[in-house]
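Colleague: sharing a model prediction with you, sequence too.
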Amino acid sequence: MSRTTYQSSWMNEELQLFRKTVRQFVQDEFVPHQALWREQHGPDPDAWTTSGKAGLLLPDVPEEYGGGGGTFAHETVVIEELAKAGVSFGSGVQSIVGHYILAFGTEEQKREWLPKMCSGELVAAIAMTEPGAGSDLAGVKTSARREGDEYIINGSKTFITNGRRANLVCVAVKTNPAAAGFHGMSLIVVETKRVSGYSTGSAFDKVGMNGLDTCEMFFSDVRVPVANLLGSEGKGFSQMVQQLPYERLSIGVSAVAMSEQAVAITAKYVKERIAFGKPLLDFQNTRFKLAECKTEVQIGRVFLDHCIERFIASQLDAVTAAMAKYWLTECQCRVVDVCVQLHGGYGYMAEYPIARMWTDSRVQRIYGGTNEIMKEMIGYSL
Ligand SMILES: Cc1cc2nc3c(=O)[nH]c(=O)nc-3n(C[C@H](O)[C@H](O)[C@H](O)COP(=O)(O)OP(=O)(O)OC[C@H]3O[C@@H](n4cnc5c(N)ncnc54)[C@H](O)[C@@H]3O)c2cc1C
């Protein structure tokens, strides 16, 4: 019986070449510095400009704004190559913010910010979560009061990726604090180097993904021009809902890429590791466990590719994106956990890639909207 190799429908020759370039760049420029990035809780500052030059930042933003001119398939390639190499780098967040600007920005805002984000001169963060408002975003307390041609922002945010390095922060605020629930919410861009009253906390010491810089942000009478409002005042929540599929699909992409890598390295390990005089793969339990993982990951890959195709065709709905985020990250955690078990004690040693995959994968079920919130969204559609 001949075996066919599965090919993602969105993959083509040009993307293969792009993948080769990205893989080489990640291996040469990022992989050797991972221990340092984890120790300092964030990438080296020049990682942003070098990756910008190499075309890793905003590859799916039109060329007229400095981007790669590609589609979400290009962004997928970047996310996959980072995940497979075990590199935590906030380029995904850069893309998320880039797409908020692309979707809701004025022509002037796009021309001002996007080229600098593509080059890595501007590093972006998206600040929604607050100490008292995570899943329940309606509880956002950070306010923006209008005074003449300025908004005055007060409040704090937490768990913000790229936080300390970011010099462009898209902040979810209440422009009308009296409005109930999701009403009165807006998105305002803060160029952190151009304002006073803005500060960040030190980097959080996380159990995984320590190469990512995650911190708190504080806004104390931060004045920004009204021209920094993104989209319409009071429409922030519906703008976020509109953009969330991009973020959720990106998380799904990294989940599948890491799961595929976990199965590949574990298959290699169990062929080499000897117990009771034979390779671990010769035990039926090893084969069955890895067979289950390989099958689940393949099912995930096919569903993910379906979502990517639909996204590229502007047809991915929020519920299907929630399904992808929920199921693919649960699958990732199941698979990686089995792979750790098959590595025995070595699977618990930080120097082994599978151990880092285990600590890095756990948060995927929490951020980007928890998996419980994803199930709520799917549930509402029944
Ligand atoms: C490493 C990391 C990076 C992050 N990056 C960012 C970022 O860049 N920007 C940003 O804005 N945020 C970011 N976050 C925040 C993240 O999105 C939130 O942590 C997440 O949305 C959950 O909010 P919470 O932590 O307040 O948990 P809570 O909302 O307090 O939830 C706690 C538990 O209760 C459950 N729960 C809550 N409500 C319901 C409900 N209605 N039904 C059932 N269960 C429910 C949750 O699912 C969860 O299990 C990041 C978080 C981490 C850990």
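Modeller: The structure has been received and is ready for your questions. Just so you know, these numbers come straight off a predicted model, no measurement behind them.

Colleague: for residue 86, helix, strand, or coil?
Modeller: Secondary structure, DSSP: H, G, I helix; E, B strand; the rest coil: residue 86 is coil.

Colleague: could you say which helix or strand holds the nearest residue to residue 364 once chain neighbours are set aside?
Modeller: Spatial nearest neighbour of residue 364, chain neighbours left out: residue 329 (4.0 Å); criterion: C-beta to C-beta, 6 or more residues apart in numbering. Bear in mind the C-beta positions are built from the backbone N, C-alpha and C, glycine included. Take DSSP states H and E as the rule and residue 329 turns out to sit in helix 318-342.

Colleague: with residue 155 instead?
Modeller: Using DSSP H and E, residue 155 sits within strand 150-161.

Colleague: and that strand, what does it pack against?
Modeller: strand 124-127, strand 143-147, strand 168-174, strand 185-190, strand 214-225 (3 or more C-beta pairs under 8 Å, 6 or more residues apart in numbering; DSSP states H and E).

Colleague: can I get the ones you listed in CSV with distance to residue 162 and mean neighbour count?
Modeller: Shown next, in CSV, are these (distance: least, C-beta to C-beta, whole Å; neighbours: other C-beta atoms under 10 Å):
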stretch, distance to residue 162, mean neighbour count
strand 124-127, 4, 27
strand 143-147, 21, 17
strand 168-174, 9, 26
strand 185-190, 13, 25
strand 214-225, 8, 20
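
Colleague: save the ones you listed as JSON lines, and put in distance to the ligand and mean pLDDT too.
Modeller: Listed next are the helices and strands packed on strand 150-161 as JSON lines, based on distance: least, C-beta to the nearest ligand atom, whole Å; pLDDT from 0 to 100:
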{"stretch": "strand 124-127", "distance to the ligand": "5", "mean pLDDT": "98"}
{"stretch": "strand 143-147", "distance to the ligand": "16", "mean pLDDT": "97"}
{"stretch": "strand 168-174", "distance to the ligand": "7", "mean pLDDT": "98"}
{"stretch": "strand 185-190", "distance to the ligand": "12", "mean pLDDT": "98"}
{"stretch": "strand 214-225", "distance to the ligand": "5", "mean pLDDT": "98"}
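
Colleague: the ligand contacts on the protein?
Modeller: Proximity of the chain to the ligand (C-beta under 6 Å from any ligand atom) is limited to residues 93, 125-129, 134-135, 159-161, 206, 209, 214, 363, 366-367, 369-370, 372-373, 376.

Colleague: can you list the residue ranges for helices in this structure?
Modeller: Applying DSSP state H to the chain gives helices spanning 13-25, 34-40, 46-53, 72-84, 91-104, 107-119, 236-272, 284-312, 318-342, 353-361, 371-380.

Colleague: can you list the helices and strands packed on strand 150-161 in TSV and add distance to residue 349?
Modeller: Shown next, in TSV, are those (distance: least, C-beta to C-beta, whole Å):
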stretch	distance to residue 349
strand 124-127	33
strand 143-147	47
strand 168-174	37
strand 185-190	42
strand 214-225	24
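
Colleague: domains in this protein, by residue range?
Modeller: Structural domains annotated on the chain: 13-121, 125-234, 238-380, as defined by automatic domain parsing.
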